[in-house]
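Colleague: the sequence isn't on hand, but the structure is:
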């Protein structure tokens with residue numbers, strides 16, 4: 001009896017083992033195929049991602065170059081605008097008027113009857129800024145003509161014009177006279193004009209006499225010892 005049971009059990013085991021091995025081999029094969037397909041899928045996604053990054057980088061690079069070119073052009077335009085000479089330089093504001101120096105008419109000239117001393121010939125533009133001033137077109141303003149004498153800290157008034165639009169070139173001025181020099185009074189309007197103009201002139205070499213060296217200008221005109 002036991003011998004029969006043992007023989008039947010051995011037969012069953014013999015039949016079951018090949019099936020188990022086949023099942024295991026089948027499962028292993030399925031796992032290999034799945035892993036392989038996943039690897040292929042991940043690789044393709046990786047390639048797509050790299051391709052997209054490359055395209056994005058190239059697009060960003062082109063856009064960046066275009067923006068940089070625009071910035072450079074804008075910078076050049078700004079530099080060109082800053083290089084343009086400003087006609088009127090702000091000096092100060094006083095009693096409802098803004099005072100400007102006309103830098104196109106700043107010039108040094110020899111003082112009459114002197115071989116060495118020079119005076120500064122200037123025009124000042126005054127624009128009224130009082131809030132109750134009625135608007136007019138063309139704009140109304142004033143021009144004042146002065147001589148400045150840095151050697152003795154003196155000022156000489158020559159003329160004043162009321163202008164609407166463009167000034168008339170046929171003007172009448174009082175002639176230069178050694179007796180018309182005025183000493184600068186501290187706190188006066190002439191004091192403000194004198195020192196404001198010389199401050200601008202000192203900072204801009206374009207206003208310095210061309211025939212003198214920097215040392216001569218600072219020592220002889222502005223009384224700055226080097």
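Modeller: Received, thanks. From a predicted model like this one, the values you see are computed outputs, not experimental measurements. Numbers count the residues shown, from 1 in each chain.
Colleague: quick one: residue 114 from residue 94, how far?
Modeller: The gap separating residue 114 from residue 94 is 32 Å, by Cβ to Cβ, to the nearest Å. Bear in mind the C-beta positions are built from the backbone N, C-alpha and C, glycine included.
Colleague: same check, this time on residue 203
Modeller: Residue 203 sits 21 Å away from residue 94, going by Cβ to Cβ.
Colleague: in terms of neighbours, single out the busier of these two.
Modeller: Between residue 203 and residue 94, residue 94 has the larger neighbour count (other Cβ atoms under 10 Å), namely 12 against 8.
Colleague: would you map the strands across this structure?
Modeller: Using DSSP state E, the strands of the chain run over 88-94, 97-102, 107-110, 118-128, 140-149, 154-164, 182-183.
Colleague: neighbours around residue 112, how many?
Modeller: Per other Cβ under 10 Å, the neighbour tally for residue 112 reads 11.
Colleague: now swap in the one 5 residues further on and tell me
Modeller: By the measure other Cβ under 10 Å, the count of residues near residue 117 is 15.
Colleague: which residues touch it?
Modeller: Residue 117 is in contact with 110-111, 149, 151, counting by Cβ atoms under 8 Å, 6 or more residues apart in numbering.
Colleague: quick one: buried ones out of those residues?
Modeller: Buried by 16 or more other Cβ atoms under 10 Å: 111, 149, 151, out of the contacts of residue 117.
Colleague: so where's this structure uncertain?
Modeller: Confidence mapping of the chain against pLDDT under 70 gives the ranges 1-85, 131-136, 211-226.
Colleague: and stretch 125-142, end to end?
Modeller: Using Cα to Cα, to the nearest Å, the end-to-end distance of stretch 125-142 comes to 6 Å.
Colleague: quick one: residue 112 from residue 156, how far?
Modeller: 11 Å.
Colleague: ugh, wrong one, I meant residue 184
Modeller: For residue 184, the distance to residue 156 equals 11 Å [Cβ to Cβ].
Colleague: distance to residue 101 for the contacts of residue 117 - can I get that in JSON lines?
Modeller: Putting those into JSON lines (distance: Cβ to Cβ, whole Å) gives the following:
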{"residue": "110", "distance to residue 101": "21"}
{"residue": "111", "distance to residue 101": "21"}
{"residue": "149", "distance to residue 101": "17"}
{"residue": "151", "distance to residue 101": "20"}
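Colleague: circling back: so what sits against both of residue 112 and residue 156?
Modeller: Shared contacts of residue 112 and residue 156 (Cβ under 8 Å, 6+ apart): residue 176.
Colleague: skipping adjacent residues, who's closest to residue 172 in space?
Modeller: Leaving aside its sequence neighbours, residue 172 sits nearest to residue 159 (Cβ to Cβ, 6 or more residues apart in numbering; 7.3 Å).
Colleague: the one you found pairs with what?
Modeller: residue 145 (DSSP bridges).
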